[in-house]
Each structure stands twice: as C-alpha cells, then as structure tokens.
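**Q** how would this look folded up:
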Amino acid sequence: MRKIARLKKIKACLLFFMISLFISGLTAIPIDAELSFLLNYVPQSSGLHYWFAKVLSAFQITKQQYPFLLYGYDWLAFAHFVLAILFIGPYKNPIKNIWVIEFGLIACVLVIPFAFVAGYLRGIPIGWRLIDCGFGFVGFFLLGYCYSGLKQIFPSIPKNQKHHESF
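**A** As a prediction, this is how the structure comes out:
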C-alpha cells in the first residue's frame, strides 16, 4: 500500500513538472505583453525595471524591423511543449520509461553551464543567469525525487537497464 502512495506522489511530481514545462513554453510567446505587465509592477528605480524595459525595447525593435528573428521564440516554446509531452511516458509507465527521467536529470544539470556560458556571451546579467540556473535546480530536485523514489519502490531496476526489450 505504501508503494502505491509513493507512486502516486511520483506521478503527481511528474505531472507538475510537465505542466511547468508547458507553462514555461507558453511564456515564450507573448513576451511584449508579459514585459509590459511586469513594468507596471516593478519599481521604476530598480535594476530589474531597467532590465525589463531594455528587453522590451529590444523585442519591439526586433519585432518591427526583423520579425523573422522572433521565430526563435516560437521554437523555444515548441521545444518546451515537446519536452513536456516526452514526460507522458514516465507518467504512464515510470519503470519502462525511467530513461526519460534520467534524460531530464542530465538536461537539468546542463542548464547551469549553458546559462553561464551563453548568458555571458549574450550579455545577460548574472542575476538573470542565476534565475535560469534555478530552473535547472528545481527540475533536478523534482526529477531526482521521482528517480530515487522509483529506485526504492522497484529496487530490481537494473542500473544500466536495456531499453530494447521489445526488439
């Protein structure tokens, strides 16, 4: 009975992770509306307000003069949607699809060096890069909970499980 309760918590955690990925993807689409909204609530004297205003200005100029560059935002959203869909497998059958959770853990770890390197090269403020790293930490915590919980519930899962049993 305890295993069933733990499995339900793991599935709830996976569902939360999928919904978060999906919502994160959605936020890549209405950037100008989101930034305009935030500018109304962030104190004008703050560095955050300055950064949001700068990003909004750049977005608006890009949208007006080079709208094809915004196609990257569309693909960013699409990638988040596809990654959310990927985790349906572990939600439905966590043991058979534990490799997806392993993939997610690796991706979460890779967020950190990517945010620092790409952020540095693109002139992203350190605070913003740390926020991006936070998504990697939170994702790793959630997926780590799922992974370790599955290993406890089903200790017979081999460490290097072959994923081609059906071939």
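
**Q** tell me where this protein has strands.
**A** Shown for the chain, no strands are assigned by DSSP state E.

**Q** can you tell me the centre-most residue of it?
**A** Leu21 (5.0 Å; C-alpha atoms, centre = their mean).

**Q** is it true that that one touches Ala79?
**A** No. Using C-beta atoms under 8 Å, Leu21 is not in contact with Ala79, being 9.3 Å away. In this view, the C-beta of every residue, glycine as well, is placed from N, C-alpha and C.

**Q** give me the below-cutoff pLDDT ranges for this structure.
**A** By pLDDT under 70, the low-scoring segments of the chain are 1, 158-167.

**Q** name the helices or strands packed onto the top helix by length along it?
**A** Among the segments of the chain that qualify as a helix by DSSP state H, the longest is helix 126-153. Contact analysis of helix 126-153 by 3 or more C-beta pairs under 8 Å, 6 or more residues apart in numbering; DSSP states H and E lists helix 2-26, helix 98-122 as its packing neighbours.

**Q** as JSON lines, the ones you listed with distance to Asp74 would be great.
**A** Formatted as JSON lines, those follow (distance: least, C-beta to C-beta, whole Å):
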{"stretch": "helix 2-26", "distance to Asp74": "10"}
{"stretch": "helix 98-122", "distance to Asp74": "19"}
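
**Q** closest to Lys54 out of these?
**A** Comparison of those against Lys54 by C-beta to C-beta identifies helix 98-122 as nearest, at 12.8 Å.

**Q** now do the buried residues in that closest one.
**A** Buried positions in helix 98-122, judged by neighbour count with 16 or more other C-beta atoms under 10 Å: 98, 100-101, 103-105, 108, 111-112, 115-116, 119.

**Q** and the furthest pair within these?
**A** Greatest spatial distance in the buried residues of helix 98-122: Ile98 and Gly119, 31.4 Å, computed using C-beta to C-beta.

**Q** tell me the spacing between Pro94 and Met18.
**A** The spacing between Pro94 and Met18, counted by C-beta to C-beta, to the nearest Å, is 13 Å.

**Q** show me which of the two is the more surrounded one.
**A** Residue environment comparison for Pro94 versus Met18 gives the larger neighbour count to Pro94, 22 against 18, counting by other C-beta atoms under 10 Å.
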